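>>> Structure here, sequence nowhere to be found:
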Ligand SMILES: Nc1ncnc2c1ncn2[C@@H]1O[C@H](COP(=O)(O)OP(=O)(O)OP(=O)(O)O)[C@@H](O)[C@H]1O
């Protein structure tokens, strides 16, 4: 995974007064699945357009497979498959015919294109619908056909804009798993832009958080989590049951909070009725369990988790908001 495939060096795009992409530095490696995450208007689409040579950077450098899309847009398009969020096909042609058409546009003979298309339809699990008109496909099927379509030209890179928009959660999960499988089988680099955090987290090797034109954090979930929550990397959640007599006694809750706060490594304790949440510098789950039981309460459940992407995302966005205010 050490061969750089996409290099962005100080990449900037300005529309009049608005800096849509602000000095972006990023390297994405061969075979990597990279998720560009950010809210609407963050600059994801503008970045993608610059990668594809569809809009010129105001300043900075971009290289895709060693090619400069500004000076060689056609060469870049040969190596990069782009799946927009609103991918469309010829409704009156079947899925197979649509792919054959793409193959022929990419200089294949009809026979070559047909063979390749049939193989790809099978890989994206659309063999059964190969002879069905694309106009009858569901949104999820269209996305899978879109994936087969970009694979027709054996791309080194696939760029996808909001790949799961409009697909139901099960279909989205299956589609992401398909991307993961195809990328790993063929060592294809995938850059996907999304604001569906939890879905995307599962298949990305690394994630870049993009806010107001700036990449504010890059890494895999664990390293982002470690970096951001260095002082309180663990969350331990417990459900307790108070003895019946204690329900009326609010001191009991305060007592528990204080007892837990005394454990070495605890940063914060939040008690909401039966639910207790402890933010800690270390994994102190056993000490938490002992403290609850010694306090005379029943421990119903105990779980520990690291901060997830949702926590990370919120934290970074909160930070950004604070800076912006
Ligand atoms: N052609 C343009 N002219 C002027 N401003 C533009 C143009 N294209 C994009 N912008 C602005 O640049 C900023 C970044 O837009 P961009 O579409 O790249 O964001 P995004 O992260 O892809 O968001 P979305 O998911 O909503 O597309 C926005 O403020 C947008 O209004």
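Yep, that arrived. Nothing here was measured: the structure is a model prediction, and the numbers come from that model. Numbers count the residues shown, from 1 in each chain.
>>> got a list of what residue 113 touches?
If you count contacts by Cβ atoms under 8 Å, 6 or more residues apart in numbering, residue 113 has them with 99, 100, 101, 102, 103, 104, 152. Any C-beta I mention is one placed from the backbone N, CA and C, and that applies to glycine too.
>>> now the residue lying closest to it once chain neighbours are set aside: how far from residue 119?
Of all residues not flanking residue 113 in the chain, residue 103 sits nearest, at 2.7 Å (Cβ to Cβ, 6 or more residues apart in numbering). For residue 103, the distance to residue 119 equals 11 Å [Cβ to Cβ, to the nearest Å].
>>> Tell me which of those two has more neighbours.
Neighbour count, other Cβ atoms under 10 Å: between residue 103 and residue 119, residue 103 has more, with 23 against 12.
>>> Checking that one next. Helix, strand or coil?
Look at residue 103: counting by DSSP: H, G, I helix; E, B strand; the rest coil, its state is helix.
>>> doesn't residue 283 make contact with residue 266?
No - between residue 266 and residue 283 there is no contact under Cβ atoms under 8 Å: 11.6 Å.
>>> Between those two, which is the more surrounded one?
Using other Cβ under 10 Å as the criterion, residue 266 and residue 283 rank with residue 266 on top: 21 against 14.
>>> so what's the more buried one up against?
By Cβ under 8 Å, 6+ apart, residue 266 lies in contact with 260, 278, 279, 280, 281, 284.
>>> Would you mind naming what in the chain lies close to the ligand?
15, 18, 20, 38, 40, 41, 42, 43, 44, 45, 46 (Cβ under 6 Å from any ligand atom).
>>> Including pLDDT, could those residues go into JSON lines?
Shown next, in JSON lines, are those (pLDDT from 0 to 100):
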{"residue": "15", "pLDDT": "94"}
{"residue": "18", "pLDDT": "93"}
{"residue": "20", "pLDDT": "95"}
{"residue": "38", "pLDDT": "83"}
{"residue": "40", "pLDDT": "79"}
{"residue": "41", "pLDDT": "82"}
{"residue": "42", "pLDDT": "84"}
{"residue": "43", "pLDDT": "90"}
{"residue": "44", "pLDDT": "90"}
{"residue": "45", "pLDDT": "90"}
{"residue": "46", "pLDDT": "94"}
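>>> among those residues, which are in helices?
44, 45, 46 (DSSP state H).
>>> For burial, what's the neighbour tally of the first one?
Number of residues near residue 44 (other Cβ under 10 Å) recorded here: 25.
>>> Would you map the helices across the stretch 1-150 of the chain?
Listed in chain order, the helices of the stretch 1-150 of the chain (DSSP state H, counting those that start in this stretch) span residues 44-51, 73-79, 95-105, 110-123, 139-151.
>>> Which among the ones you listed is found nearest to residue 181?
Among the helices of the stretch 1-150 of the chain, helix 110-123 comes nearest to residue 181, with 8.5 Å by Cβ to Cβ.
>>> and the angle for that closest one with helix 95-105?
In terms of direction (axes from the mean of the first three to the mean of the last three Cα atoms, to 10 degrees), helix 110-123 departs from helix 95-105 by 130 degrees.
>>> roughly how far is helix 110-123 from the heart of the chain?
30 Å (Cα atoms, centre = their mean, to the nearest Å).
>>> list residues touching both of residue 266 and residue 283?
Contact criterion Cβ under 8 Å, 6+ apart; no residue bridges residue 266 and residue 283 by contacting each.
>>> Residue for residue, what is the longest helix the protein has?
Longest helix of the chain, by residue count under DSSP H: helix 169-186.
>>> buried set for that helix?
Within helix 169-186, the residues scored as buried using 16 or more other Cβ atoms under 10 Å are 171, 172, 174, 175, 176, 178, 179, 180, 182, 183.
>>> Reformat the residues you listed as CSV; add pLDDT.
CSV is the format used below for the buried residues of helix 169-186 (pLDDT from 0 to 100):
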residue, pLDDT
171, 87
172, 88
174, 89
175, 90
176, 92
178, 90
179, 92
180, 93
182, 90
183, 90
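>>> following the longest helix of the chain, which helix or strand comes up?
Sequence order places strand 189-194 as the next helix or strand after helix 169-186, per DSSP states H and E.
>>> got the contact list for the nearest residue to residue 188 once chain neighbours are set aside?
What sits nearest to residue 188 in space, not counting adjacent residues and going by Cβ to Cβ, 6+ apart, is residue 158, at 5.8 Å. Taking Cβ under 8 Å, 6+ apart, we find residue 158 in contact with 80-83, 147, 150-151, 179, 183, 188-191.
>>> Quick check: beta-bridge partners of residue 158?
Partner residues in beta bridges with residue 158, using DSSP bridges, are residue 81, residue 190.
>>> follow-up on the earlier one: greatest separation within the residues of the chain next to the ligand: which pair is it?
15 and 38 (17.2 Å).
>>> if I look at residue 13, how far off is residue 141?
According to Cβ to Cβ, residue 13 stands 34 Å off from residue 141.
>>> quick check: mean pLDDT across stretch 196-205?
When pLDDT is averaged over stretch 196-205, the result is 80.
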